[in-house]
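**Q** Return atomic coordinates for the entry below.
(4 chains)
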4 protein chains.
Amino acid sequence: MEIKPYFRKVNYYETDRMGIVHHSNYIRWFEEARDDFMRQLGVPYSKLEERGIIIPVLTVSATYRKHLTYEDDVKIQLHCKKFTGVKSYFEYEVFDMEGNLCVTGESSHCIVNKELKPFRFKKEFPDIYEIFAEAAEEGPKHW
Amino acid sequence: MEIKPYFRKVNYYETDRMGIVHHSNYIRWFEEARDDFMRQLGVPYSKLEERGIIIPVLTVSATYRKHLTYEDDVKIQLHCKKFTGVKSYFEYEVFDMEGNLCVTGESSHCIVNKELKPFRFKKEFPDIYEIFAEAAEEGPKHW
Amino acid sequence: MEIKPYFRKVNYYETDRMGIVHHSNYIRWFEEARDDFMRQLGVPYSKLEERGIIIPVLTVSATYRKHLTYEDDVKIQLHCKKFTGVKSYFEYEVFDMEGNLCVTGESSHCIVNKELKPFRFKKEFPDIYEIFAEAAEEGPKHW
Amino acid sequence: MEIKPYFRKVNYYETDRMGIVHHSNYIRWFEEARDDFMRQLGVPYSKLEERGIIIPVLTVSATYRKHLTYEDDVKIQLHCKKFTGVKSYFEYEVFDMEGNLCVTGESSHCIVNKELKPFRFKKEFPDIYEIFAEAAEEGPKHW
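**A** Model (predicted):
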């Protein structure tokens, strides 16, 4: 399945007095892109939470190359690099509308239940497990 | 009991590209001042939540007179105008260090349980009820 | 000109530990709706800033009736109640997708130049003045 | 010079509906700790900006080990790992009050002028250059 990029526009309240997007907001946009990705897969994160699947962030990083500012249109391309059933790994590329790569980033996540404990994902939610495995560039489907 | 003003410094990420504090942040600072007020009363809001007392915002307003910016020291004076057992009403005054009144605001709140339903505050938590009544400028203590 | 409502989805980072949208975020969404309104009028605020027109917030208020939460779709209907050439006044209604009115709000703004001083809007920018006057429910066009 | 840790308390609006601090906020706290560090050095960043020294973020990363939540007291220990005159590198450790290491992070920054161009820091601002070199664990002072 082809994942479509996530588009959004920069809000005024996301800029800082340097006149550009405050760097912390890209971390939030990565989350928006992940949520959009899961909606595209047909498993919105709000539904996963309802079923007791929580996917907290373990690590996040960002590299800033070119600034974006107010009312810029932004395109975020997300790749699910790897899914192991216990963890998942994402990469992000943030582009402006001229196609310039502005920010890149990565995040890793664990997959836990409501008590924030690991559980047997494949056994308990085989349907969702399958969707995630299919969407990852590396993982059970590729071994 | 004399309520001490709440002090804080403006963070970089709270400014916008107008070079000043984004107006939405004052609404967050009002919350900080309320939380500080409750800590001064000896009833931190985190403890109230644990006991099942939730105090959501019903209305909030702010009037902007003078802007503040990065690294400014800010003093917030809060008044609990009224407490009825079911609702409470606050007023806020935000000053810079020269004593200029920069922003004023008001908020009103209902007092509910974890199911977001009203409950008999005075009967179920007489100790906390008493503290709130005592701290308000108008309310059961004044009738 | 018919102003279309502004739609957006609730982000995870906009919720708080009460499980719902933090009340301060609605103030930010009002700004998003204003920016969308100005884009619909053909005068994006980023372009106004470039031409030296700044529209700071003087007052803002919100009344919370029904909470919204993560991944809810939100519709915001904005009305420009009044435009005087010096000030403008907006009203906001935030709906969920079932059509329930969740939050209402108001804001007022002054219109100043880069030095944050008033200027003769009608004379200096007659084209933009005209657009704003036309879009307001009350103002020069109605007197 | 001994750099004192930076202390702050978790605000309600910094939590998300998982009940814990939203991960993006740690990136903002790293900034608060940097600003506090520069104030301790006697060179508040607002003063550097006034003198035309801008220190944008090039990269940032965080690793989440243990969550923090509302009203937790937080201690952030910052180390300036390296200063080259053109770039600076920081490390962060976020502790709870029991001394548990909750989050670690790193950031790197370039040092530019108002036009966001590199300049000869040592020559143009020898006093500030000296302070930064002195405070870094690695750099001109150590070569």
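
**Q** from here on, contacts and neighbour counts on C-alpha atoms
**A** Will do.

**Q** what's the closest non-adjacent residue to the residue of chain A found nearest chain D?
**A** Per CA to the nearest CA, A:Ser61 is where chain A lies closest to chain D, at 4.0 Å. Excluding the flanking residues, the one nearest A:Ser61 by CA to CA, 6 or more residues apart in numbering or on different chains is D:Ser61, at 4.0 Å.

**Q** which SSE is that neighbour in?
**A** Per DSSP states H and E, D:Ser61 falls inside strand D:57-64.

**Q** next structured bit after that strand?
**A** That would be, after strand D:57-64 and using DSSP H and E, strand D:73-83.

**Q** Tell me the helices and strands packed up against that following strand.
**A** Under the contact criterion of 3 or more CA pairs under 8 Å, 6 or more residues apart in numbering or on different chains; DSSP states H and E, strand D:73-83 touches strand D:6-9, helix D:24-40, strand D:87-96, helix D:126-135.

**Q** redo that, cut-off 10 Å
**A** Contact partners of strand D:73-83 among helices and strands, from 3 or more CA pairs under 10 Å, 6 or more residues apart in numbering or on different chains; DSSP states H and E: strand D:6-9, helix D:24-40, strand D:87-96, strand D:101-110, helix D:126-135.

**Q** Tabulate the ones you listed in JSON lines, adding columns for mean pLDDT, mean neighbour count and distance to chain B.
**A** Formatted as JSON lines, the helices and strands packed on strand D:73-83 follow (pLDDT from 0 to 100; neighbours: other CA atoms under 10 Å in any protein chain shown; distance: least, CA to the nearest CA, whole Å):
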{"stretch": "strand D:6-9", "mean pLDDT": "98", "mean neighbour count": "16", "distance to chain B": "10"}
{"stretch": "helix D:24-40", "mean pLDDT": "98", "mean neighbour count": "20", "distance to chain B": "7"}
{"stretch": "strand D:87-96", "mean pLDDT": "98", "mean neighbour count": "21", "distance to chain B": "16"}
{"stretch": "strand D:101-110", "mean pLDDT": "98", "mean neighbour count": "20", "distance to chain B": "15"}
{"stretch": "helix D:126-135", "mean pLDDT": "96", "mean neighbour count": "17", "distance to chain B": "19"}
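
**Q** any idea how far the spatially closest residue to A:Phe83 that is not a sequence neighbour is from chain C?
**A** With CA to CA, 6+ apart as the criterion, A:Phe83 has its nearest non-adjacent residue at 5.0 Å, and that residue is A:Gly139. Per CA to the nearest CA, to the nearest Å, A:Gly139 is found 27 Å from chain C.

**Q** just A:Phe132 next, same as before
**A** 20 Å.

**Q** which residue packs closest to that residue, ignoring adjacent ones?
**A** Excluding the flanking residues, the one nearest A:Phe132 by CA to CA, 6+ apart is A:Phe83, at 6.9 Å.

**Q** ditto for A:Thr69
**A** Ranked by CA to CA, 6+ apart and with sequence neighbours excluded, the top spatial neighbour of A:Thr69 is A:Ile20, at 4.5 Å.

**Q** Contact partners for the one you found?
**A** A:Val10, A:Tyr12, A:Glu14, A:His67, A:Leu68, A:Thr69, A:Tyr70, B:Asp16, B:Arg17 (CA atoms under 10 Å, 6 or more residues apart in numbering or on different chains).

**Q** Nice, that's everything, thank you.
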